[in-house]
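In: pasting the sequence and the predicted coordinates here, then a few questions.
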Amino acid sequence: MTAVVFLLLSLSVFSSFSSSASPPPYPYGGVAYHIDSGSTTDQTDPFNTTWLADRFFTGGASAIVSEPLQFRHPQEQTLRYFPLSSGKKNCYIIPNLPSGRYYIRTFTVYDNYDGKSHSPSFDISVEGTVVFSWRSPWPEDLARTGAYSDLFAFVSDSDADVCFYSIATDPPVIGSLQLIRVDPDSYDAVTLGKDYILVNYGRFTCGSDQFGPGFSNDTDLFGRSWQSDKDFRSTSDESTVRSITTRNTITNTDQGPNYFPMKLYQSAAVVGGKALEYELQVDAKLDYLLWFHFAEIDSSVTRAGQRVFDILIDGKNVKRIDIFKEVGSFAAYSWNYTVKNLSSNALSVKLQNVVGAVLISGLENYALVPADVATVPEQVVAMRALKESLRVPGRMGWNGDPCAPSNWVAWEGVSCQQNKNGTALVISGIDLGSQGLKGFISDQISLLSNLVSLNLSSNSLEGVLPSGLGQKTLRRLDLSNNQFTGPIPQSLATSNLHLVLLNNNLLEGQVPEELYSIGVHGGAIDLYGNKGLCGVPSLPDCPLFWENGGLSKKGKIAIAVSCVLVFCLVMLALYIFCIRRRRNDYDFGLPQDLTFSSDGFFHFFPLPQALSAKRNRYQRQKSLMLLEMESQHAKSLTPFTPQ
């Protein structure tokens, strides 16, 4: 989609400003970022808007416009540009955002900052959908003063990606970036759904000069900027158009979900007796949402039927308007219409009077840009992990969504395709051969469940091969000429590989027979240059009980059985030792015992005789002791006889 950027606000039409304005109570939910691209310091402008020093960018360099004094606001005097050395895709990625609808506004300026007098060609995407296209040469006034572009988009993945795509060798540029969360139901989102981005092709205030944040004190709570409709009228007799204004309060303004400002309805363009016509430049390939604004601010109109007019779009009468009948006087009334099936790049909007004069306060024109499909979230996680583990250089532009937008090769060396139901994009191929990579393969590669081809050859990658490489979809694997170590994962043997190149690495262990059979079944496999591999023809035999760089299953079983046998033998020895020790607890004699006999001499007896002698001596001593105790007991029982 090619946005007509010159329809949008140019710095050359800025009006004067004052420092008395107070910050508006918006944005919705308190989320707002105002980033001054190229700036190194935070600053607050005269409208109490805090502009943050440049941040959230993935690459590029800062610069200053060639004539900074012609720019009224400091945030428009610096810029960030993205040379080819930063890659063909660079982004601002604003993190940790709540899901919702956001108003996103960019200021794009060249002003010959590089002295080459060549305005660049590039595309800008939001959330993976191309929304603005800049083509060299720019119109002279835009090249010198720059232009604002804005849109409404949904963010659902917590990160807002605003990305820049270089065309040829041109470096994209940006002067500032604003992101404001708005009401999720704004601009008929319930009907349109979340599958469209509303790109501004013109936002006009009728009967007054432009206004809005950064242009005057008159604020718009959404952050929208409004420009005069004068340059877009195609009415044949401009003298018949007059402006009317009021200072009266207009009801129904600054209310959700759209928060249209009161200032918009306090002025109007009026054409008496004739039609008021606008010609809007559009892209015929898209549909458009037209939003009309009216307020009866002429106090002479006091009842319904005094002012009636028709709205014709490309000659088709689509609506009859009677403002007073709808809302009465000094009250805001808005109405929208979707234009489809355009036949040209010019859209005609005509207000034809029926009774009285035509009156209009404002008109908005938004292109309904279908949101491009995005990469499956889990595969985005995997690719970002690979970016870190492989140390992919910045020149390859691995930023933002790996696959979106689908009309760009988003990440260099990455191929994508739609999933089966066409609702998302998936990674089908990675080709990073000879890119000077020095990292390793992340385990997160297992999340790439649609990967067909992987080429990381001729780099300096190391580490073990993760088991997640064995995707069922994988057909071609080239990891040759690296420094991978460890065994070949068994998971590769269960995949559908047709080409396997693992030569010239430091792999070791037994090669799975199923993997080697690829060569037998018409495929190709090369394992040359891995001195530690074994177990298949042309490679040495593996040591007994050894495979895949370690013990085989049989080896582990043999060791387990040996451990059990050793344990049993140890327990048996301990048992025998304990039994023997218990038996000897009652035997404190020597192998022979020394005994004193009744003949007055010492005699040596063999061990059985010694034990018998001990028992006999013990029995005699016990008998004598019992006799003595009985004798003492008998004496104690003898009656006492007095003398």
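Out: Now that the structure is in, tell me what you want to look at.
In: now do the nearest residue in space to residue 96 that is not next to it in sequence against residue 100, distance only.
Out: Counting by Cβ to Cβ, 6 or more residues apart in numbering, residue 96 lies nearest to residue 158, which is 6.1 Å off, once chain neighbours are set aside. In short, each C-beta sits where N, CA and C put it, glycine included. Counting by Cβ to Cβ, to the nearest Å, the separation of residue 158 from residue 100 is 11 Å.
In: the more surrounded of these two?
Out: Between residue 158 and residue 100, counted using other Cβ atoms under 10 Å, residue 100 has the larger neighbour count: 15 against 11.
In: residue 245 bridge partners, please.
Out: With DSSP bridges as the criterion, residue 245 is bridged to residue 267.
In: residues contacting it?
Out: If a contact means Cβ atoms under 8 Å, 6 or more residues apart in numbering, then residue 245 has 207-208, 266-268, 297 as its contacts.
In: now, among those residues, which is nearest to residue 406?
Out: The closest of the contacts of residue 245 to residue 406 turns out to be residue 208 (Cβ to Cβ; 42.3 Å).
In: for that closest one, helix, strand, or coil?
Out: The three-state assignment at residue 208 reads coil, by DSSP: H, G, I helix; E, B strand; the rest coil.
In: contact partners for it?
Out: Remark: with contacts taken as Cβ under 8 Å, 6+ apart, residue 208 is in contact with 228, 243, 245, 263, 266-267.
In: host element of residue 141?
Out: Here residue 141, judged by DSSP states H and E, is contained in helix 140-145.
In: got the CA coordinates for that helix in PDB?
Out: Below are the C-alpha coordinates for helix 140-145, written out as PDB (Å, rounded to 0.1, in the frame of the first residue of the first chain):
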ATOM      1  CA  GLU A 140      10.500  19.900  -2.700                       C
ATOM      2  CA  ASP A 141       8.500  21.400   0.200                       C
ATOM      3  CA  LEU A 142       8.300  18.000   2.000                       C
ATOM      4  CA  ALA A 143      12.000  17.300   1.500                       C
ATOM      5  CA  ARG A 144      12.800  20.600   3.200                       C
ATOM      6  CA  THR A 145      10.100  20.800   5.900                       C
END
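In: can I get the host helix or strand of residue 35 as PDB, trimmed to CA atoms?
Out: Secondary structure here is read from DSSP H and E; on that basis residue 35 sits in strand 32-36. Included here for strand 32-36 are C-alpha records, laid out as PDB according to Å, rounded to 0.1, in the frame of the first residue of the first chain:
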ATOM      1  CA  ALA A  32       1.800   7.600  25.900                       C
ATOM      2  CA  TYR A  33       5.300   7.900  24.400                       C
ATOM      3  CA  HIS A  34       6.700  10.900  22.600                       C
ATOM      4  CA  ILE A  35      10.100  10.000  21.300                       C
ATOM      5  CA  ASP A  36      12.500  12.600  19.900                       C
END
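In: tell me the gap between it and the middle of its chain.
Out: Taking Cα atoms, centre = their mean, to the nearest Å, the mean C-alpha location of strand 32-36 is offset from the chain mean by 20 Å.
In: in its sheet, what does it sit against?
Out: Paired neighbours of strand 32-36 in the sheet (DSSP bridges): strand 50-53 (parallel), strand 176-182 (antiparallel).
In: thinking again about what came up before, ChimeraX command to pick out the buried ones of the contacts of residue 208?
Out: What follows is the ChimeraX syntax selecting those of the contacts of residue 208 that are buried according to 16 or more other Cβ atoms under 10 Å:
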select :228,263,266,267
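In: residues contacting residue 284?
Out: For residue 284, the contact set (Cβ under 8 Å, 6+ apart) comprises 342-345.
In: check the gap between it and residue 126 for me.
Out: Taking Cβ to Cβ as the measure, residue 284 and residue 126 are separated by 22 Å.
In: what of residue 207?
Out: The gap separating residue 207 from residue 126 is 32 Å, by Cβ to Cβ.
In: which of those two has more residues huddled nearby?
Out: It is residue 126, of residue 207 and residue 126, that has more neighbours when counted by other Cβ under 10 Å, with 25 against 22.
In: what's the pLDDT at the more buried one?
Out: Note on residue 126: pLDDT of 97.
In: how about stretch 491-506: buried residues?
Out: With burial defined by 16+ other Cβ under 10 Å, the residues of stretch 491-506 counted as buried are 491-493, 495, 497, 499-505.
In: what's that stretch in contact with?
Out: With contacts defined as Cβ under 8 Å, 6+ apart, stretch 491-506 is touched by 457, 465, 467-485, 488, 512-515, 518, 522-532.
In: again, only using 7 Å
Out: With Cβ atoms under 7 Å, 6 or more residues apart in numbering as the contact definition, stretch 491-506 has outside contacts at 457, 467, 469-472, 474-485, 488, 512, 514-515, 518, 523-530, 532.
In: inside strands: which ones of those?
Out: Here DSSP state E is the test, and these give 476-478, 483-485, 524-526, 532 as lying in strands.
In: any chance of those residues in CSV with distance to residue 30 as columns?
Out: CSV is the format used below for the ones in strands among the contacts of stretch 491-506 (distance: Cβ to Cβ, whole Å):
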residue, distance to residue 30
476, 50
477, 50
478, 51
483, 51
484, 50
485, 51
524, 60
525, 59
526, 59
532, 59
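In: any idea which of these has the most stuff around it?
Out: Neighbour-wise, those (other Cβ under 10 Å) top out at residue 477, 25 neighbours.
In: residues contacting that residue?
Out: Residues in contact with residue 477 (Cβ under 7 Å, 6+ apart) are 454, 497, 499-501.
In: ok, residue 167 to residue 292 distance?
Out: 37 Å.
In: settle it for me: which of the two has more neighbours?
Out: When neighbours are counted by other Cβ under 10 Å, residue 292 comes out ahead of the other of residue 167 and residue 292, with 19 against 15.
In: tell me which residue is most central in the protein.
Out: For the chain, residue 159 is the residue whose C-alpha lies nearest the centre (Cα atoms, centre = their mean; 5.7 Å).
In: surely that one touches residue 95?
Out: Yes: using Cβ atoms under 7 Å, residue 159 is in contact with residue 95, at 5.3 Å.
In: just give the closest residue to residue 337, not the sequence neighbours.
Out: Closest residue in space to residue 337, ignoring its immediate chain neighbours: residue 290 at 5.0 Å, by Cβ to Cβ, 6+ apart.
In: which residues in the stretch 251-400 of the chain form helices?
Out: 262-265, 323-327, 377-390 (DSSP state H, counting those that start in this stretch).
In: tabulate those helices (CSV), appending mean pLDDT and distance to residue 107.
Out: Formatted as CSV, the entries for those read as follows, by pLDDT from 0 to 100; distance: least, Cβ to Cβ, whole Å:
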stretch, mean pLDDT, distance to residue 107
helix 262-265, 95, 22
helix 323-327, 97, 36
helix 377-390, 96, 29
